[in-house]
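Visitor: With the input below, show me the fold.
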Amino acid sequence: MSKWDFWLGSWDVSAGATLDGHDRVTRILGGCAVTEEWNDATGGKGLSLFYVQPGTRQWRQVWVTDHATFTGGE
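Guide: Just a heads-up that it's a prediction; the model follows:
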């Protein structure tokens, strides 16, 4: 079980009555990582990878959107 289990699944994301987008969060690689696929209400997309960094044993995140201003960036 990971600290992200509460977040797994597909979600409609809104602020009040306004739909902001859809989020799908999936455990991968035998629970060693979690992906997040984001689709916002205006058609924007993002992909996030959460993983445990060896050595520090801390969770890290890599987040990239289709509007990134540089390769591999947000």
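Visitor: Which of the residues in the helix or strand harbouring residue 13 are classified as buried?
Guide: With elements delineated by DSSP states H and E, residue 13 resides in strand 9-15, which encompasses its position. The neighbour-count check on strand 9-15 (16 or more other Cβ atoms under 10 Å) flags nothing as buried. Every C-beta, even on glycine, is put in place using the N, C-alpha and C of the backbone.
Visitor: by contact count, what packs against that strand?
Guide: strand 18-28 (3 or more Cβ pairs under 8 Å, 6 or more residues apart in numbering; DSSP states H and E).
Visitor: I'd like to know which elements the strand it packs on is packed against.
Guide: Helices and strands touching strand 18-28, as assessed by 3+ Cβ pairs under 8 Å, 6+ apart, comprise strand 9-15, strand 33-40.
Visitor: for these, which one sits closest to residue 65?
Guide: Each of the helices and strands packed on strand 18-28 has some distance to residue 65 by Cβ to Cβ; the shortest is strand 33-40, at 8.0 Å.
Visitor: Centre of the chain to the helix or strand just after that closest one, how far?
Guide: Sequence order places strand 45-53 as the next helix or strand after strand 33-40, per DSSP H and E. Going by Cα atoms, centre = their mean, to the nearest Å, the spacing between the C-alpha centre of strand 45-53 and its chain's C-alpha centre is 5 Å.
Visitor: Show me the contact partners of strand 45-53.
Guide: The list of residues contacting strand 45-53 from outside it, by Cβ atoms under 8 Å, 6 or more residues apart in numbering, reads 4, 32-40, 58-66.
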